[in-house]
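# any chance you can model this:
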Amino acid sequence: FKQKTAYEISTRDWSSDVCSSDLRTGTSRLPVRDTVTVRATGADGRGSGNQIPVWAEIAPKRAKASSPAVANLVDDLNDEQHAAVTHGTGPLLVVAGAGTGKTHVITRRVAWLIAEKRAEPEEILALTFTDRAAEEMQGRVDRLVPYGYATTPIKTFHAWGDELLRAHAHRLGLDGDLRVLGRAEVVLLLREHLFELGLSRFLPLGDPTRFLGEIAGFFSRAKDESCGPDEIAAFAGTLHRSAGEARAAAESVSDDREQHALRQHADAVELLAVEHDELGRALRAYRSILDQRGLLDFGDQVLRAYELIRDDPLVAARVREQHRWILVDEYQDTNRLQGALVDLISEGRRNLTVVGDDDQSIYRFRGAAIGNILSFADRYPDARKVVLTKNYRSSGPILAAARRLIRFNDPERLEVRLGISKELTPERNPVTPIPVTFRRFRTTSDEADWIAAEIRDAVATGRRARDHAVLVRANADSLEVQRSLNMLGIPWRS
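Below you'll find the model as predicted:
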């Protein structure tokens, strides 16, 4: 191994959100993130951003399956999938690119842990994001394990939190028959207690309920970030001080334009501080109303579960004893609170498996914190890392085009931070792969007409209409395409 590697790491601080709580230490802070740039340098000293240490690609030899049942679970897996499924104890990060079989890995790992008698079914907890994904995973596990063993809890974060809160409601002073409010019910509750929230700026006289929907959304996002009234008040105090400093700076300059700009900045920051003061008081009042009436909202299902485990040693011990193995799907889409909850549950044994891909993180607008997966190796330095790169879904040209695009996100990607290669290789190799094309149209009607004409021409050559798919951003965007397909007599379904 004569190949040398040198890593240059540079960090810079940048903040994004209004406020955050350091969930793992219990302290409040404004978010500070690290940007890590990794460059592998050869023995000749010349940099090569794509160079990977030569020993990184050496895969260990497969161990022989302990029984025919185990062999049936792992023999059809590729080497990377096999390494992830048969990982022993300790933390595991599975970086699974699109179409590489990540759900396959999670369900096989659950079945493998049971078949190898490393865990009872009830000792494994698998968490995902949607009821549909949980049902699909549960169905796959049911088909992999013997009858009577499919009792592994596979749930969404909110469903698991709800179950925990109902089981320990008495320790929170709540009725065991909890009622969870949806977004519309939260708005109605705020309307009912409108004048108890302490609102002023967000209570216009002409339409007092105008901002209730936005306020409910703010409360929900604050809970996803575990950002309570005290943290919001602290952030508002920071803004007040910043405004004062800007005013002081304005008085010390002689240039009129610069002075005017500083005063405008100070006024804007002061207004933001006043608004957050008001929202912090409103959130405190809202939480008090929920407690008085024994109610929870959607965000409470995770937040109160986290607080219960964090603050109650008995519940924490019971949860960790019950769930000795934790698996998390779509880890790149977890928010800060969910990431902290997973870390909290897995404390002690640390048998935590997370599967995700930072390149597929698209839910930041809903609170997803990509930092959870990017910093996993920092929080778990001894974690094993397995990268799934064999794609079973797409052809080579599609994968190549996707990679060219996603690399514009460098160096903020896991591939650069960890010095790994995530380049996907296609397992489907059509004789004549179709290249990816990009077309631009003046109007959506022109685009829809072109799509319909392309499908018509393909059908004329012998393809079936059902062999084509049209992907749109939203359902409303499909109307023009449907019209064009109807005009050409092409059957379709949505």
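
# check the closest residue to Thr107 other than its chain neighbours and give its pLDDT.
In space, and not counting its chain neighbours, Thr107 is closest to Arg140: 4.1 Å by C-beta to C-beta, 6 or more residues apart in numbering. C-betas here are computed from N, CA, C, even on glycine. For Arg140, the model assigns a pLDDT of 92.

# I figured Arg140 hits Val105, correct?
No. Applying C-beta atoms under 8 Å as the test, Arg140 and Val105 come out as separate, 11.0 Å apart.

# the more surrounded of those two?
The residue with more neighbours, out of Arg140 and Val105, is Val105; 26 against 18, by other C-beta atoms under 10 Å.

# hang on, Trp450 in a helix?
Yes. Under DSSP: H, G, I helix; E, B strand; the rest coil, Trp450 sits within a helix.

# got the contact list for the one helix or strand the residue nearest to Thr107 maps to?
Per DSSP states H and E, Arg140 falls inside helix 131-144. By C-beta atoms under 8 Å, 6 or more residues apart in numbering, the list of residues contacting helix 131-144 from outside reads 73, 103, 106-108, 110-111, 126, 128, 150, 152, 154-156, 159, 329-330.

# following that helix, which helix or strand comes up?
Helix 131-144 is succeeded, C-terminally, by strand 154-156 (DSSP H and E).

# what is that next one packed up against?
strand 124-128, helix 131-144 (3 or more C-beta pairs under 8 Å, 6 or more residues apart in numbering; DSSP states H and E).

# recalculate using a threshold of 6 Å.
In terms of contacts (3 or more C-beta pairs under 6 Å, 6 or more residues apart in numbering; DSSP states H and E), strand 154-156 is packed against helix 131-144.

# residues of the helix it packs on that come out buried?
134, 137-138, 140-141, 144 (16 or more other C-beta atoms under 10 Å).

# what's the answer for stretch 63-72, then?
Here stretch 63-72 shows 65, 69-70 as buried, counting by 16+ other C-beta under 10 Å.

# would you map the strands across the chain?
20-22, 27-29, 92-96, 124-128, 154-156, 179-181, 295-297, 325-328, 352-356, 384-388, 390-391, 425-426 (DSSP state E).

# show the low-confidence segments of this protein, by residue range.
Residue ranges of the chain with pLDDT under 70: 1-61.

# could you point out the longest helix of it?
Using DSSP state H, we find that the single longest helix of the chain is helix 256-293.

# buried ones in that helix, by neighbour count?
So for helix 256-293, counting by 16+ other C-beta under 10 Å, buried means 262, 265-266, 269-270, 272-274, 276-287, 289-290.

# go on, stretch 153-173?
For stretch 153-173, the neighbour count (16+ other C-beta under 10 Å) marks 153-162, 164-165, 168-169, 172 as buried.

# ends of that stretch, how far apart?
With C-alpha to C-alpha, to the nearest Å as the measure, stretch 153-173 spans 26 Å from end to end.

# contacting residues around it?
The contact list for stretch 153-173, computed with C-beta atoms under 6 Å, 6 or more residues apart in numbering, reads 125-127, 134, 137-138, 176, 178, 301-302, 304-305, 312, 315, 338.

# cutoff 8 Å now
With C-beta under 8 Å, 6+ apart as the test, stretch 153-173 has contacts from 110, 122, 124-131, 133-134, 137-138, 141, 174-176, 178, 180, 291, 296, 298, 300-302, 304-306, 308-309, 312, 315, 319, 323, 334, 338, 341.

# likewise for stretch 372-381?
Residues from elsewhere that reach stretch 372-381 (C-beta under 8 Å, 6+ apart): 24, 34, 91, 93, 331-332, 334, 336, 338-339, 343, 350, 352, 354, 356, 358, 361, 383, 385, 412, 414, 417-418.

# tell me the residue in this protein that is farthest from the middle.
In the chain, the greatest distance from the average C-alpha position (C-alpha atoms, centre = their mean) is reached by Ser254, at 49.1 Å.

# and it, how far is that from His260?
Using C-beta to C-beta, to the nearest Å, we find Ser254 at a distance of 12 Å from His260.

# again with Leu424
54 Å.

# then Val319?
Distance, Val319 to His260, using C-beta to C-beta: 57 Å.

# same check, this time on Gly489
From Gly489 to His260 the distance is 65 Å (C-beta to C-beta).

# cool, and Ala474?
Taking C-beta to C-beta as the measure, Ala474 falls 43 Å from His260.

# again, but for Pro146
For Pro146, the distance to His260 (C-beta to C-beta) stands at 76 Å.

# do the same with Val74
Distance from Val74 to His260, counting by C-beta to C-beta: 70 Å.

# do Ser421 as well
Counting by C-beta to C-beta, the gap from Ser421 to His260 is 53 Å.

# over to Ala285?
When Ala285 is compared with His260 (using C-beta to C-beta), they lie 38 Å apart.

# got it, and Leu190?
39 Å.

# try Arg166
Distance, Arg166 to His260, by C-beta to C-beta: 58 Å.

# touching, Ser200 and Glu278? I think so.
Yes. The pair Ser200 / Glu278 is scored as a contact, 6.1 Å apart, by C-beta under 8 Å.

# what is the nearest of the buried residues of stretch 153-173 to Gly206?
Among those, His158 lies closest to Gly206 (C-beta to C-beta), at 36.9 Å.

# and the gap between the spatially most central residue of the chain and Gly356?
Nearest residue to the geometric centre of the chain (C-alpha atoms, centre = their mean): Asp333, 0.9 Å. As judged by C-beta to C-beta, Asp333 and Gly356 stand 7 Å apart.
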